[in-house]
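Visitor: sequence and computational prediction follow.
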Amino acid sequence: MSTAPPDRVVPTPAPRLRPWSRLWRYLVAVGLGLVVLFGNLTELLGQDPAALSEEANVVIGGFVLLDLLLGVVAVCLLSLRRRFPVLTAVLTACLSAISVFAVGSAALAIVSMSTRRRWKPVVAVGFVWVAATAFYELVLRPSIPGMMVDSALSWASGGLAIAIYAICATTGFYIGARRDLLASLRDRAETAEREQALREESARESERTRIAREMHDVLAHHISLLSLHAGVLTYRTDLTRQETVDAATIIQSNAQLALTELRQILGVLRSRDGEGAGDGSGLAEPPQPTLAELPALLADSREGGMRVSLDASGLGDEAMTIAGADRAVSAPEGGRAEFEGLSESVSRAAYRIIQEALTNARKHAAGAPVTLEIDRRGGELLVAVRNPLRGSPAVSSMSSGMGLTGLRERAELAGGSLAHGADRDGGFIVTARLPWQ
């Protein structure tokens, strides 16, 4: 993949400076200029005025005054360094050819220009800087009365000027690169947060739609039974009292079940697309698995290499042995375990929670023993899946975390709650509390 050359890279806009941040930059520029000016004045004013003519003393005084004046002009030009970085750097560099006080301002302007990380302006200003130094050392300095000119000193001053320019340009490039890096990291963090929020929202929407589809058949069944038996009571006048009571009991039972399912569907319909519960195909989905399919789920998990143990001792008299090894609830014909008094919607939610928890254990703790606990505490069904935080890393796979998000949504729509995290023994546990109804 090719990258654009530095001159074509759009630089990150410089952050707005606070008053103190702006002030200390000016103080550094003025301070550096005063240091250079002080060194120059020491050489100028260190001469014996009696040894110089009056005209020479006037020239030296005028030169010092001009140096200070141009240095102040260079400081004032620094206010333009963000809007016109190259122009400001060129002007301050040119002023440094006459005023040593302007060197500090020129250095700050060069750093500011270099933050854009464009080589052509940096090289061009570098030539101006070197030319200004050469003019001062070779033309202006020898014209000052009483100043001694040493070629070795002039070459040393030129080398020092180039080194100072290189330091300023490098500093500017570093600041610009750091500024771009921070902006890139900030953009990445904001993008990652937005993507995570979209993934979570997508997972919730998908789970709501799926739950609505699963409950469609059951709710339609209850409503049709209500309509049928209500019609019988309306049009049949020859029913005995017992037959009327039986029909009313059926209506009452199905009305309660329908209200339970309807409450959950209303939770789904709060979403924007909740009205589209069906897929429009006209085909009913097959019945979804419930806790009646738990023995088959555990058998499939064991066949896949998992070590799963079931503890349903808290169910009391309803518990019995499944497959000759596990403790579970009573099983009717065919070996299908059923929970007396537990609605199908809650049973489906509990089954999906157990299924996803076993899947997570297989992903992240492969080969580790898994304990499944099913208990009834008061009016709640408690489902807990524990596994140690260990296993074979070779078979561990990446996970987006959307499974637990969907399970929490499913548990809440069923009227319960779900929690997950590390337990006191250093393992991982998924706990669901669902209403027993």
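Guide: Cool, got the structure. Numbers count the residues shown, from 1 in each chain.

Visitor: all contacts plus neighbour counts: C-alpha atoms, from now on.
Guide: OK.

Visitor: how much space between residue 384 and residue 376?
Guide: Residue 384 is 12 Å from residue 376, where distance means CA to CA, to the nearest Å.

Visitor: who has more neighbours, these two?
Guide: Neighbour count, other CA atoms under 10 Å: between residue 384 and residue 376, residue 384 has more, with 21 against 18.

Visitor: centre of the chain to the helix or strand hosting residue 165, how far?
Guide: Assessed by DSSP states H and E, residue 165 sits inside helix 151-235. Helix 151-235 sits 6 Å away from the centroid of its parent chain (CA atoms, centre = their mean, to the nearest Å).

Visitor: quick check: mean pLDDT across whichever helix or strand comes after it?
Guide: Remark: after helix 151-235, the chain's next helix or strand is helix 241-268, criterion DSSP H and E. Across helix 241-268, pLDDT averages out at 73.

Visitor: next, the buried residues of the next helix or strand after helix 241-268.
Guide: Where DSSP H and E defines the elements, the next helix or strand beyond helix 241-268 is helix 294-303. Across helix 294-303, burial judged by 16 or more other CA atoms under 10 Å covers 294, 295, 297, 298, 301.

Visitor: for the helix or strand that helix 294-303 is followed by, C-alpha coordinates in PDB please.
Guide: Downstream of helix 294-303, the first helix or strand assigned by DSSP H and E is strand 307-311. Output in PDB follows, covering the C-alpha atoms of strand 307-311 (Å, rounded to 0.1, in the frame of the first residue of the first chain):
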ATOM      1  CA  ARG A 307     -17.200 -32.500  30.900                       C
ATOM      2  CA  VAL A 308     -20.600 -31.300  32.000                       C
ATOM      3  CA  SER A 309     -22.200 -32.200  35.400                       C
ATOM      4  CA  LEU A 310     -25.800 -31.300  36.200                       C
ATOM      5  CA  ASP A 311     -26.900 -30.400  39.800                       C
END
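
Visitor: note down every partner strand of strand 307-311 and its orientation.
Guide: strand 369-377 (parallel) (DSSP bridges).

Visitor: give me the distance from the strand it pairs with to the chain's centre.
Guide: 35 Å.

Visitor: and what of stretch 296-309?
Guide: Remark: stretch 296-309 is offset 37 Å from the chain centroid, using CA atoms, centre = their mean.

Visitor: start to end distance for it?
Guide: 14 Å.

Visitor: average pLDDT for that stretch?
Guide: Mean predicted lDDT for stretch 296-309 stands at 77.

Visitor: contact partners of that stretch?
Guide: For stretch 296-309, the external contacting residues (CA atoms under 8 Å, 6 or more residues apart in numbering) are 326, 355, 358, 362, 366, 367, 368, 369, 370, 371, 372.
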